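Participant: Build me a model:
(chains A and B)
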There are 2 protein chains.
Amino acid sequence: MAIVFAFLWFSFFTLLSCSVSIAKIGPAFPSSLIRPEQLSQLATKNQLYQTKYFTQILDHFNFNPQSYHTFQQRYLINDSYWGGAHKNAPIFVYTGNEGDIEWFAQNTGFLFETAPDFKALLVFIEHRFYGKSMPFGGNKDIAYTNASTLGYLSSTQALADYATLITDLKKNLTATESPVIVFGGSYGGMLAAWFRLKYPHITIGALASSSPILHFLNVTSPYSFNNIVSHDFRSESESCYKVIKGSWQQIEDRANQQGGLDVLRKSFRICKKVDIVYLESWLLTALTYTAMTDYPTPSNFLNPLPAYPVKQMCKAIDDPSTGNDTFAKLYGAANIYYNSSGSATCFDLEDNSDPHGLSGWSWQACTEMIMPTGGNTEESIFPASEWLYENRASYCKNMFEIEPRPNWITTEFGGKDIYRALKRFGSNIIFFNGLRDPWSGGGVLKNISKSIVAIVANEGAHHVDLRFSSKEDPEWLKDVRKQEVNIIKTWISQYYSDSEYFPS
Amino acid sequence: MAIVFAFLWFSFFTLLSCSVSIAKIGPAFPSSLIRPEQLSQLATKNQLYQTKYFTQILDHFNFNPQSYHTFQQRYLINDSYWGGAHKNAPIFVYTGNEGDIEWFAQNTGFLFETAPDFKALLVFIEHRFYGKSMPFGGNKDIAYTNASTLGYLSSTQALADYATLITDLKKNLTATESPVIVFGGSYGGMLAAWFRLKYPHITIGALASSSPILHFLNVTSPYSFNNIVSHDFRSESESCYKVIKGSWQQIEDRANQQGGLDVLRKSFRICKKVDIVYLESWLLTALTYTAMTDYPTPSNFLNPLPAYPVKQMCKAIDDPSTGNDTFAKLYGAANIYYNSSGSATCFDLEDNSDPHGLSGWSWQACTEMIMPTGGNTEESIFPASEWLYENRASYCKNMFEIEPRPNWITTEFGGKDIYRALKRFGSNIIFFNGLRDPWSGGGVLKNISKSIVAIVANEGAHHVDLRFSSKEDPEWLKDVRKQEVNIIKTWISQYYSDSEYFPS
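Facilitator: You can find the predicted model right below:
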C-alpha cells in the first residue's frame, strides 16, 4: 500500500524540474497540526464555523481595467462566543497562509479555546490563490496558468485583501468599534505581523507565531535552518546525529555499486524503482518536518506523530537491535514519520499529492519569498553544501519564466534594520518562537520595545502555541499561552480606554 | 495679450467633458511658490542640484511579465552640504508630488536653507507619471494613453518607488547607516506622512506640510474647503465677502439678458467670447488659489502675487472708487491674481496650458483621490451646492472609462480612526497646517502622541513653512520653522543614540 508522500511539494517540484538537490532548497512551510480528537470535543466541523464569501478586487494597487476584476474570497466565521457589536466585543482574525483555510482553522485551537473568555468573534480568511479563493472565476487551472495570472499572488495583495474584507465585514456587522486582533502561524504569522505594521488602523495587535520575517537573503544565514535541525537531533543523542550524518555517503556509495539501488529499495521498503535523489529528499523531509513539529504531545500533521518525535527517531536509530546497519537505523527513523500506524507495506517516493492545496508557494518562493534555508556547514546533519541564489533563480526561470525579486520583501517590510526601526515605532506585536523550530533562526527572538515582544520557548517547535491544548501539555507551553492571553488582554483594555478619548 | 490661465486643469477638464460646475468639483492641489530672487541668492539652478535617473520597476505589488518593465525615474541630488557617509550624516528626501520635480525642488527653500546646519544630503524624487519620470519608454503620450497604461499611476506604487530608490541610493553611497528624513507639501506631504507610516525602516521621520490626509469621503465634510475660503475673505472684510457672495447671481442675471455676455466680456477684459461657466470658474480659481496661497510675503505661484493677497483682493473690492459696480470690484480682485504686473490687456479663459505637467492628477482624482472639496453651505462665498460623489463618478466614467475606489485610501492609510490608531503606534511625524489654507480642514490639527505632532499656524497658508525664508517673514513663521528644525534634531540624535545599541 502506498503511503501519502506529503509536503515535499516545493522541493519535489524543484527536483522534477531541474534536479537541484533538495538539501539546497529546503522545505516549505509546514502548517498547524490537527488533533481530530480535540476537534470533536469542541464541536462538529459544521458547528466550528460557517463558510462565507467576499467579493474581492483582483489588484488593489493598480487601476487598469484588469485590476477591477473580482473573485470570491472564502472566509470562515464563528460568532457563537461573540459578545456582539453593541458591546464592541473583539474580533479575532486569522490571516490565512499558503493553503486551504479550513485546514488552518481546524488546526488553530488556540483561537477556539480563548474566544469564550474574550467573547470574541472568530474569522479565518483564506489567502488568495489557495483553497477556494481562486481569482479568474474560481478555477485553479486558469488561475495557475502562468505568470500572467499568478502575478496577482503576492503578500501585499493578500494583506490588502484582509484590510478590505475586515473593513467591510465590520461595517456590515455595525461593529466598526470592535477591536480586531490578528493571529497567524508560519507564513500566516508573517502576514499577521506585517498586517499590524501596515494596517494599524485596522488591527490593534498581532500574535505572530513562528513567523520568520527575517529569514530572507542577506539577513539570516542560509546555514541557520539546517543548523537547528542538526542541533535538534544532536541534543537527543550524539550517536543519533552521527549515524544520520554518516548515512548520506553510505547511501551514495551503495547506489553506485552493482545492484546497490535494489539494496536501497529493499532497505527502505520502496514500492517502485529507487532514484537516489528522491530517496534522499524523502529522508530529508522526514527529518526536517519531524524537527519542525517536535511537539511535546502526539500530533497529526499529514501523518500522525508521537510526542517528542525527534526523541523517538533517535531512539530508533540508537536501537541496539539494529547493530551497525545504518540503513535499518534510518529506516526505523523514517518509519516514525511515514508509518506510525505500522500498516504501510511499502512507500511511493513519487507521490506528489497536495491535499491541502499548498502548491502556490512555489510561485511565491520564486517571486518575493527568497528565504534561504538549504545551506549546510561541515557540522550539519546533511551533506555540506552552499545555498546559492543562482540555483533558485534558474529553477524559477525554468518553472515560471520569472526572475525573483530577492530584495523586495526587506524593502517593503524591513530586514535586519527592524530592531532599530521598531524600537520607537509601532506596538502590540507578540513574536512567538520555539527554538526547536528550524525556522526560528529567522524569527524575532528579542524584545524590540515594551509592546513589541518576543516570547521564546527553548523546547518549542513550529507555532506550537496555536495548537489545541492538551492535558499533557508541559508547564512551559501552558505558561506561553497564558502570557499571550494576558498581553492581548492589555491591548484590548487599552483600546477601550483610548476609545473614550477618541470615539470614531 | 493672453495671460496664462493656470492651474484650473482638473476643474477645466471636468468642465470640458461633462460641464459639472466647477463649484462642485473644487480645485486641484496647488504647490509651493517659487521666489526666483531667492533662488538666485542661493545658486544658479545648475548648482542647486544634479539630475540623475534610477531604473525603477513598473509594478511592485504584482509579478506578471508586464510588472517587470522598467522606466527611468528622475531625481535631483545636492551633496554640497552633506557630511558624508563616513559620518552617517543625514539624508533629506523630498517625496515628489503631482508635477515636475524641478518645480518642487526650486520651491522648497526650507531644505536648501536647513541642509548646511544638518550637513544633509538633499534628494528630490519625482513622482511616477510626472515630469520626466514616465513609464512606457519615457513617452508621456504613450504613458497617458488610457486606463491600461495610467493604471500604474497610484500612491502606493509611488511610495514603493521611493522605498526602492532610497534603499538603492544609500547602498550605492555606502550610506546605509545615514538616517533619512522625508519632507513633502500638499500631496507630497501626504506621501511623506504615509511613507513614514509604511516604511519606518527606511525613514526615521516625516515633515508633512499641509497634507490633508483626512480630506476623503466620509471623513472630512465636502463643505470644509469652501467654508475656509469664505472665512478667509470674510476675516478681511464683511463687505468684501458680501460683494463676492452676491456677485454670482448678478453674473448669471446679466448673462441671461440681451447683450449681457458682451457686457461681461468687457467688464472682465475677456479676449474672446464668454462662456458663463468658464467665467465663473476663472473667478473661482482666482479666489480659491489666492486663499490657498495667502502668504505674508510676495510670492510667485504661476503668476506673481503680493504679500497677503486676500487682503489685497478685498481692498480692491472695497475700493470706494468702484461705487456699486460689482463687476468692476470683482475685476479688480481677479486682476490681483491674474495681472499683478498690470501688463495684461485681456484674458484668455480657454487657455489650458499645463507648464508644470500636473495633468496626471485628474487620473488620480478619478481612482483613489476622492477628496470632496466642492460643497457650499448657505454661508459660502460661492453659490450653495452639494458635492455629490455621483458627479465625480460620472466624470471619471466619461474621461477614463473608470470607476473610482472611494474607500481605498482610508482602507490603506486610515481615516478618521487614525487619531486612535496612532496614539500608541508610530512616531516622528510633524503635521504642519496653516488655518488660512482651505485644505487644512482635512489635515491633522491635534497632537496624536508625544512624537506625532501637529503644528498649527492660525495665519498660515498652504505649506508656507517649506518656502524660502525672507527678511519680511513674520515671527510666527520663523517660529514654526524653528520648531520643525528642533524636532527633526531630536529625531536624528535619538537615531544616533539608538544606533549604538542596534548597529545594522
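Participant: C-alpha only now, for contacts and for neighbours.
Facilitator: OK.
Participant: Point out the other elements, helices or strands, that the top helix by length along chain A touches.
Facilitator: In chain A, assigned by DSSP state H, the helix with the most residues is helix A:475-501. With contacts taken as 3 or more CA pairs under 8 Å, 6 or more residues apart in numbering or on different chains; DSSP states H and E, helix A:475-501 sits against strand A:205-209, strand A:452-457.
Participant: Give me the phi and psi for A:Ala163.
Facilitator: phi -60, psi -40 (degrees, to the nearest 10).
Participant: what's the spacing between it and B:Met369?
Facilitator: Separation of A:Ala163 from B:Met369 (CA to CA, to the nearest Å): 18 Å.
Participant: A:Gln257 now?
Facilitator: From A:Gln257 to B:Met369 the distance is 70 Å (CA to CA).
Participant: So the two - more neighbours on which side?
Facilitator: When neighbours are counted by other CA atoms under 10 Å in any protein chain shown, B:Met369 comes out ahead of the other of A:Gln257 and B:Met369, with 23 against 11.
Participant: That one: what's it in contact with?
Facilitator: Counting by CA atoms under 8 Å, 6 or more residues apart in numbering or on different chains, B:Met369 touches B:216, B:406, B:409.
Participant: the helices in the stretch 351-500 of chain A, which residues?
Facilitator: A:361-367, A:389-400, A:408-413, A:418-423, A:475-501 (DSSP state H, counting those that start in this stretch).
Participant: Tell me the secondary structure at A:Gln72.
Facilitator: Classification of A:Gln72 by DSSP: H, G, I helix; E, B strand; the rest coil places it in strand.
Participant: That one: what's it in contact with?
Facilitator: So A:Gln72 contacts A:53-56, A:133-135, A:138 (CA under 8 Å, 6+ apart).
Participant: Spell out for me the PyMOL command that would select the buried members of these.
Facilitator: Buried residues within the contacts of A:Gln72, by 16 or more other CA atoms under 10 Å in any protein chain shown, are selected in PyMOL with:
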select buried, chain A and resi 53+54+56+133+134+135+138
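Participant: For chain B, state which of the contacts of A:Gln72 is nearest.
Facilitator: Of all these, chain B sits closest to A:Gln56, with 12.6 Å by CA to the nearest CA.
Participant: hmm, who's touching the helix or strand hosting that closest one?
Facilitator: Using DSSP states H and E, A:Gln56 maps to strand A:50-57. Residues from elsewhere that reach strand A:50-57, judged by CA under 8 Å, 6+ apart: A:67-78, A:161, A:164-165.
Participant: what about 10 Å?
Facilitator: Residues from elsewhere that reach strand A:50-57 (CA atoms under 10 Å, 6 or more residues apart in numbering or on different chains): A:66-79, A:102, A:123-126, A:128, A:132-133, A:135, A:157, A:160-162, A:164-165, A:168-169.
Participant: Quick one, which of the residues you listed are buried?
Facilitator: So, by 16+ other CA under 10 Å, the buried ones in the contacts of strand A:50-57 are A:67-68, A:70-79, A:102, A:123-126, A:128, A:132-133, A:135, A:157, A:160-162, A:164-165, A:168.
Participant: Quick one: mark the members of those residues that sit in helices.
Facilitator: Using DSSP H, those in helices are A:102, A:157, A:160-162, A:164-165, A:168.
Participant: In contact with A:Ser377: list those residues for me.
Facilitator: Residue A:377: Thr, not Ser. A:222-224, A:226-227, A:383-386.
Participant: So it versus A:Pro383, what's the distance?
Facilitator: Look at A:Thr377 and A:Pro383: by CA to CA, they are 8 Å apart.
Participant: so how many other residues sit close to A:Gly323?
Facilitator: 11.
Participant: Which of the residues in stretch A:241-252 are classified as buried?
Facilitator: A:241, A:243-245, A:247-248, A:251.
Participant: tell me the mean pLDDT over it?
Facilitator: Mean pLDDT, stretch A:241-252: 97.
Participant: centre of the chain versus it, how much separation?
Facilitator: 28 Å (CA atoms, centre = their mean, to the nearest Å).
Participant: contacts for that stretch?
Facilitator: For stretch A:241-252, with CA under 10 Å, 6+ apart as the criterion, the contacting residues are A:230-235, A:239-240, A:253-256, A:260-261, A:263-264, A:276-277, A:279-280, A:283, A:287, A:314, A:317-318, A:324-327, A:329-330, A:333, A:378-384.
Participant: One more pass at 7 Å, please.
Facilitator: With contact meaning CA atoms under 7 Å, 6 or more residues apart in numbering or on different chains, stretch A:241-252 is reached by A:233-234, A:326, A:381-383.
Participant: Ok, stretch A:157-165 next?
Facilitator: The contact list for stretch A:157-165 (CA under 7 Å, 6+ apart) reads A:56, A:59-60, A:127-128, A:191, A:195, A:202, B:61, B:411.
Participant: now do 8 Å
Facilitator: Contacts of stretch A:157-165 (CA under 8 Å, 6+ apart): A:54, A:56-57, A:59-61, A:95, A:125, A:127-128, A:191, A:195, A:199, A:202, B:61, B:411-412.
Participant: Is A:Pro116 in contact with A:Tyr81, as I believe?
Facilitator: Yes: counting by CA atoms under 8 Å, A:Pro116 touches A:Tyr81, with 5.1 Å between them.
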